[in-house]
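Undergrad: Got a predicted structure here, sequence first:
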Amino acid sequence: MPILTKTPPMGWNSWNTFGDNINEELVKGVADAFITHGLKEAGYEYIVIDDCWSEKSRDNNGRLLPDKNKFPSGMKSLSDYIHSKGLKFGIYSCVGTHTCAGFPGSFEHEFIDAVTFAEWGVDYLKYDYCYKPRFVAGEDLYRRMALALRNCGRDIVLSACNWGNDGVQKWIRGSGAHLYRSYGDIHDNWKSIETIMLTQLENACYGGIDCWNDMDMLVVGMGGKGDNEMVTSTGCSDTEYRSHFAIWAMMNSPLMLGCDVRNMTDETKAIITNKDVIAINQDEEGRGPYCIRQWNNLDNVFSLVKPLSGGDYAIAMINISDIKSEMSLQFYDMGLPALSGMGLEFYDCDKHENIGLFVERASIYIEPHECRIFRCKVKPV
Ligand code: GLA
């Protein structure tokens, strides 16, 4: 099988904003928006229909059927449309007897479902964890679907979604899955973003080429709106959404948009198409970051440092407190002593400009809930 996810997948998923309110017009509209709003050009590729797309029962041959009211033209026709735009098509199922919303799951139907998905032109399968028989190991169920997909005649990305349960990061790569959800569902508020980030700092070492840590679909741009009350919430400020995007990028999480990309503000568009931030996420070495905390404010302020191909370093400085706070990154802590005669030139990935050559340390004040993200070059002083 070729490497399907050399870098974290980028795309859109229907769940965060639309929940069960999905249909073929919406999905086609999203594909159109990928072109007209420059999302395809920025690297977004997959359009994924989440839960609630099927009929409540299989047909007489045990095959899944698309909901005839939501998807009257069928899935093949929809995937043809998406492919005609140069994009890829994703769908959703579950290791259990039912999906989380109570539609048929793939338990004991893995092989027939894999073939059905291949016939429909599916390129990506999100595979959830609800209604799992309690005494069957999840590990076996992901192995089984991975094997079925690897032998269905089509290259299909397997996006595991067991919310970080059962020590998934330790066994998922061996199953053949290409990404794995590492925590519970995101909500459209800052607390949720912060919680997911803090739980994953220690897991940055468990992602890499062809098996990425998926911190969940993005809520950037949702702005408190949407039809899915399991995700919609207060919304975030633009600063918080910018931080959310930068943190997911630094952590090598897939960048799966969750807002209504057909109707975005200019600020949302600017955040999700930021080339400098996306380049950090899509760096070909795929190394996860390490964390250096501010020595006198350990719980609130820290830097993530990620080595990039070609010798550069991505550095993100994050302040989760409610007051403006200093981050002094001592270069010694990242392997650069002052006596080397070298410093770091900081390029600000949001302002798109160099902010200076720093020696020995960079002391920067970070606003509440802000993440400053830089691309740094090692240079002689
Ligand atoms: C779970 C997943 C979500 C979404 C829903 C759909 O909660 O974690 O991302 O797929 O199921 O029901």
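TA: Thanks, I have it.

Undergrad: okay, now the residue nearest to residue 69 when sequence neighbours are not counted: neighbour count?
TA: Residue nearest to residue 69 in three dimensions, not counting chain neighbours: residue 23, with 7.7 Å by CB to CB, 6 or more residues apart in numbering. Just so you know, the C-beta spots here come from the backbone N, C-alpha and C atoms, and that holds for glycine as well. When neighbours are defined as other CB atoms under 10 Å, residue 23 has 18 of them.

Undergrad: measure residue 23 to the ligand for me?
TA: According to CB to the nearest ligand atom, to the nearest Å, residue 23 stands 16 Å off from the ligand.

Undergrad: What are the phi and psi values at that residue?
TA: Backbone torsions of residue 23, given as degrees, to the nearest 10, read phi -170, psi 170.

Undergrad: measure it to residue 178 for me?
TA: Here residue 23 is placed at a distance of 28 Å from residue 178 (CB to CB, to the nearest Å).

Undergrad: looking at it, the residue nearest to residue 69 is touching residue 70, isn't it?
TA: Yes - counting by CB atoms under 8 Å, residue 23 does reach residue 70; the two are 4.3 Å apart.

Undergrad: For the chain, what lies in contact range of the ligand?
TA: Within the chain, the residues that sit near the ligand (CB under 6 Å from any ligand atom) are 15, 50-51, 100-101, 128, 161, 163, 185.

Undergrad: and of the residues you listed, the nearest to residue 173?
TA: Closest approach to residue 173 among the residues of the chain next to the ligand (CB to CB): residue 161, at 15.6 Å.

Undergrad: Grab the nearest non-local neighbour of that closest one.
TA: Once flanking residues are discounted, residue 161 sits nearest to residue 181: 4.2 Å by CB to CB, 6+ apart.

Undergrad: Count the neighbours of that neighbour for me.
TA: By the criterion of other CB under 10 Å, residue 181 has 27 neighbours.

Undergrad: Is it in contact with residue 158, as I believe?
TA: No - counting by CB under 8 Å, residue 181 does not reach residue 158; the two are 12.0 Å apart.

Undergrad: What residues sit buried inside the helix or strand encompassing residue 142?
TA: Using DSSP states H and E, residue 142 sits within helix 138-150. Within helix 138-150, the residues scored as buried using 16 or more other CB atoms under 10 Å are 138-139, 141-146, 148-149.

Undergrad: Touching, residue 344 and residue 338? I think so.
TA: No - using CB under 8 Å, residue 344 makes no contact with residue 338, being 11.2 Å away.

Undergrad: Please identify which of those two sits among more neighbours.
TA: Neighbours were counted for residue 344 and for residue 338 using other CB under 10 Å; residue 344 has more, 24 against 14.

Undergrad: which residues in the stretch 251-381 of the chain form helices?
TA: Here the stretch 251-381 of the chain has its helices, by DSSP state H, counting those that start in this stretch, at 266-272, 275-281.

Undergrad: which of the residues in stretch 225-236 are buried?
TA: For stretch 225-236, burial by neighbour count (16+ other CB under 10 Å) applies to 226, 228, 231-233, 235-236.

Undergrad: could I get the residues you listed as TSV with pLDDT and secondary structure?
TA: Converted to TSV, the buried residues of stretch 225-236 look like this (pLDDT from 0 to 100; DSSP: H, G, I helix; E, B strand; the rest coil):
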residue	pLDDT	secondary structure
226	98	coil
228	98	coil
231	98	coil
232	97	coil
233	98	coil
235	98	coil
236	98	coil
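
Undergrad: got the contact list for the residue nearest to residue 161?
TA: Listed by CB atoms under 8 Å, 6 or more residues apart in numbering, the contact set of residue 181 reads 159-164, 214-216.

Undergrad: and the host helix or strand of residue 198, what other elements does it pack with?
TA: Under the criterion of DSSP H and E, residue 198 resides in helix 190-200. The contact analysis (3 or more CB pairs under 8 Å, 6 or more residues apart in numbering; DSSP states H and E) places helix 190-200 against helix 238-250.

Undergrad: got the angle between the helix it packs on and helix 190-200?
TA: With axes from the mean of the first three to the mean of the last three CA atoms, to 10 degrees applied, the angle from helix 238-250 to helix 190-200 works out at 20 degrees.

Undergrad: Name the spans of this structure whose pLDDT lies under the cut-off.
TA: For the chain, no stretch has pLDDT under 70.

Undergrad: hey, which strand is longest across it?
TA: Taking DSSP state E as the assignment, the strand of the chain that covers the most residues is strand 371-380.

Undergrad: Give me the nearest residue to residue 95, chain neighbours excluded.
TA: Nearest non-adjacent residue to residue 95 (CB to CB, 6+ apart): residue 141, at 4.0 Å.

Undergrad: how close does that neighbour get to residue 237?
TA: 40 Å.

Undergrad: And residue 334, by the same measure?
TA: Taken as CB to CB, the span from residue 334 to residue 237 is 30 Å.

Undergrad: Have a look at those two and say which one is more surrounded.
TA: residue 334 (16 against 13).

Undergrad: That one reaches residue 313, doesn't it?
TA: Yes - in this structure, residue 334 is within contact of residue 313 by CB under 8 Å, at 7.1 Å.

Undergrad: Which residues are in contact with each of the two?
TA: Counting by CB under 8 Å, 6+ apart, the shared contacts of residue 334 and residue 313 are residue 305.

Undergrad: between the buried residues of helix 138-150, which is closest to residue 321?
TA: residue 138 (36.8 Å).
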